[in-house]
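Trainee: Here's a sequence, model it:
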Amino acid sequence: MTNNITNGRLTSLDALRGFVMFWIMSGEHIIHALAKAAPIPIFVWMSSQLHHTEWDGITFYDMIFPVFLFVAGVSMPFSFEKKMKVAGVTSPMELPSSEKRKIYLSMLKRTCILLILGFVVNGILRFDGFDKTRFASVLGRIGLAWFFAGLIFLNFDLKKQIYWFIGILIGYFLAMKLIPVPGFGAGILTKEGSLEGYIDRLFLPGRLHSQVYDPEGLFSTIPAIATALLGMFLGTFLKSKNDFSISQKILMMIASAIILIVLGLLWDYSFPINKHLWSSSFVCFVGGFSILFFTFFYLTIDVLGFYKWAFPLLLIGSNSILIYMASEGLVNFKHTADYVFGGLIKFSSIDWQPVFTTMSVTFIQLALLYFLYKRKWFVKV
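Mentor: From the prediction side, this is the model:
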């Protein structure tokens, strides 16, 4: 067994973070181009999995955001452990109030920065007007969910944290099913008729992503806290000192993943798996797959020590916020890729030129990340 930890974090966390971010930054475009150039079943299927579902249902692409939030939750106990060591305590509940206030301020600062960065990604600096600006964002939801999960971690023991997790999922389910929406009634889980969409229309300022609701809206951020808590439970389990062997830990993680997936599938009959609503069944189902993804990277990298293959993923994962913001329109990687490789790509078959073009974009992105990695320049929030 190896103990690969970089900057106080499990190497597998950065690798998993890089894996999910790869598909956002350019990986999806490579697969879509491959499916057109060589429409064999595996490429066509992969391409179909790299689109969000229209409403109910699940694809791999729907899992990317919650897996990223789950990873943030896993890293939380390791992050707070440093602060507890400085304070000379073994539990966050033992932290003196003065230290907790410092942590709260640090957490609030991080959340505010993520909210602001989310505004920037949404184009707030274009100054198109308040009503045309979208204020909900992926980064904002990560910041808010992480913040409230952190408050629960700092103020409640593990048993009560689990109660919070269960209470959030059941409470959200009951609210969505029982609270009536004017003009629609109770339990209408459509874009227009859901309680989540109604609350967004009432209270979320600016432009909604989908006119009648926002997939990163106000009310659906509450179950996202449960996604962060689920990662936090796994981080606590890995960090805790117990008598379980590595093989036992792996088996327990796989078993918990299967239980969550089955629970999500059963709950789907009453509360459909839906990323847009971040439904309770969605939290369970994707939470199970998040554990499976992590288990693979943890076993391969941190336990067995096979980490060289994951170096490109580590480049992405160690600067995930930067490459996310850059890929969302702040940097035109395609322009640079065309300038460097465009002449060579013209010599290839017309059908395959889009494939080589998207791959050249990935190469430019990785080159930038490698440059930053070698100089230890990381965007950390």
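Trainee: Have a look at the protein and report the helix or strand with the lowest mean pLDDT.
Mentor: Sorting the helices and strands of the chain by mean pLDDT, DSSP states H and E puts strand 5-6 at the bottom, at a mean of 42.
Trainee: mind checking pLDDT for Ser280?
Mentor: At Ser280, the model reports a pLDDT of 98.
Trainee: if I pick it, what's in contact with it?
Mentor: Leu169, Ile170, Tyr172, Phe173, Pro223, Ala226, Trp267, Phe271 (C-beta atoms under 8 Å, 6 or more residues apart in numbering). C-beta coordinates here come from the backbone N, C-alpha and C atoms, glycine included.
Trainee: and what of Ala186?
Mentor: Contacts of Ala186 by C-beta under 8 Å, 6+ apart are Lys177, Leu178, Ile179, Pro180.
Trainee: On the pLDDT front, check it for me.
Mentor: 95.
Trainee: where does the stretch 151-300 of the chain dip in pLDDT?
Mentor: Across the stretch 151-300 of the chain, nothing is flagged by pLDDT under 70.
Trainee: immediately after the helix or strand hosting Leu105, which helix or strand?
Mentor: Leu105 is located in helix 97-121, with elements delineated by DSSP states H and E. Heading C-terminal from helix 97-121, the first helix or strand you meet, by DSSP H and E, is helix 138-155.
Trainee: got the contacts of Ala186 as CSV, with neighbour count, secondary structure and distance to Trp55 columns?
Mentor: Formatted as CSV, the contacts of Ala186 follow (neighbours: other C-beta atoms under 10 Å; DSSP: H, G, I helix; E, B strand; the rest coil; distance: C-beta to C-beta, whole Å):
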residue, neighbour count, secondary structure, distance to Trp55
Lys177, 14, helix, 17
Leu178, 10, helix, 21
Ile179, 13, coil, 20
Pro180, 12, coil, 21
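Trainee: Can you tell me the closest non-neighbouring residue to Phe203?
Mentor: Nearest residue to Phe203, sequence neighbours excluded (C-beta to C-beta, 6 or more residues apart in numbering): Leu218, at 5.8 Å.
Trainee: Correct me if wrong, but that neighbour is in a strand.
Mentor: No. Under DSSP: H, G, I helix; E, B strand; the rest coil, Leu218 falls outside any strand and is assigned coil.
Trainee: Next, it: phi, psi?
Mentor: Dihedral pair for Leu218: phi -70, psi -60, per degrees, to the nearest 10.
Trainee: what's the neighbour count on it?
Mentor: For Leu218, the neighbour count with other C-beta atoms under 10 Å is 17.
Trainee: And Leu277, by the same measure?
Mentor: 28.
Trainee: re the thing from before, which one among the contacts of Ala186 gets closest to Glu196?
Mentor: Ile179 (10.6 Å; C-beta to C-beta).
Trainee: what separates that closest one from Met25, distance-wise?
Mentor: Ile179 sits 39 Å away from Met25, taking C-beta to C-beta, to the nearest Å as the criterion.
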